[in-house]
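> 3D model of this:
(one chain, ligands or ions: 1)
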Amino acid sequence: MNLRSSALLLPIAFLAGCPAWDPMQRQPKYKAYQSSEFYADGLAMRDPPSGTVPYGSVGDPAVQTGAGEDGKPLARAPLPLTPRLLATGRKKFDIHCAACHGLVGDGQSQVALNMSLRRPPSLHLYRDVPDGYIFLVISRGFGLMPSYAAELTPEERWGVVGYVRALQLSQHAGAAQVPPGTMQKLQGDAR
Ligand code: HEC
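Numbering: from 1, shown residues only. Okay, here's the model as predicted:
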């Protein structure tokens, strides 16, 4: 290839890579809420076919929604709290919740210090709410707190609920709840 032909090819290569000329990008399409003469109702946006369910909503409704058949938040998590689920909950709490509610859930965090309008509360104040309530707050958000439904699957949310319970217990356990072996060790350490 001589110098002249490569000089000719250069602008062509440039144009081919330019999005404004890309027919895939500039094809006719409808945007949200636009009207359409194609459909009888004049709308471009269509209802999903009947029977369509949202992604992630298949499975035990209690696990998916955190509510019982009466629509009230479940008192207890509908999943067995295995060590594995709790470990997942801890990991997800540290990633998604601790930034605002603090690593031990006491509301002490750098973000909290800088939120003047409404601070993330200490989660130790929520010992008496049902498990399903905490699940709902994570799923839907609450006031200034965003929803974490996109970041956490329902199972992961139950893991976080379990870990919040573990954090609460860690700050409020009485001597009677400490396993005997651990109690001896604690007493030994205290001496
Ligand atoms: C961006 C900061 C932020 C993050 C991250 C965050 N929260 Fe919150 N959270 C808040 C704020 C702020 C409130 C108080 C909202 C209000 O009252 O308007 C709140 C409130 C709550 C409440 C109390 C709701 C009530 O009834 O008063 C719970 C429980 C809670 N958060 C749990 C969580 C859990 C679990 C996570 C992690 C999945 C999480 N939060 C992540 C900021 C956050």
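
> residues touching the residue nearest to the spatial centre of the chain, list them.
Geometric centre of the chain, nearest residue: Tyr148, 2.4 Å, by Cα atoms, centre = their mean. Tyr148 makes contacts with 96, 138-139, 141, 157, as judged by Cβ atoms under 8 Å, 6 or more residues apart in numbering. C-beta coordinates here come from the backbone N, C-alpha and C atoms, glycine included.

> Buried ones among those?
Buried by 16 or more other Cβ atoms under 10 Å: 96, 138-139, 157, out of the contacts of Tyr148.

> contacts with the ligand among the residues you listed, please.
96, 138 (Cβ under 6 Å from any ligand atom).

> and the two most separated of the buried ones among the contacts of Tyr148?
Across those, the longest distance by Cβ to Cβ is 12.5 Å; it joins His96 and Ser139.

> Please look at Val160 and Asp94 and confirm they touch.
No - the criterion here is Cβ atoms under 8 Å, and Val160 misses it with Asp94 at 10.0 Å.

> circling back: adding secondary structure and pLDDT as columns, could you present the buried ones among the contacts of Tyr148 in TSV?
TSV is the format used below for these (DSSP: H, G, I helix; E, B strand; the rest coil; pLDDT from 0 to 100):
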residue	secondary structure	pLDDT
His96	helix	97
Ile138	helix	98
Ser139	helix	97
Arg157	helix	98
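
> which one of the buried ones among the contacts of Tyr148 is nearest Gly68?
Distance to Gly68, by Cβ to Cβ, is smallest for Ser139 among the buried ones among the contacts of Tyr148, at 15.0 Å.

> Not counting sequence-adjacent ones, nearest residue to that closest one?
What sits nearest to Ser139 in space, not counting adjacent residues and going by Cβ to Cβ, 6 or more residues apart in numbering, is Ala149, at 5.0 Å.

> Next up, identify which helix or strand the one you found is on.
According to DSSP states H and E, Ala149 maps onto no helix or strand at all.

> That one and Thr182, how far apart?
Ala149 is 37 Å from Thr182, where distance means Cβ to Cβ, to the nearest Å.

> Between the two, point out the one with more neighbours.
Neighbour tally, Ala149 and Thr182, criterion other Cβ atoms under 10 Å: the higher count belongs to Ala149, 14 against 9.

> I'd say that one and Phe135 touch.
No - the criterion here is Cβ under 8 Å, and Ala149 misses it with Phe135 at 10.5 Å.
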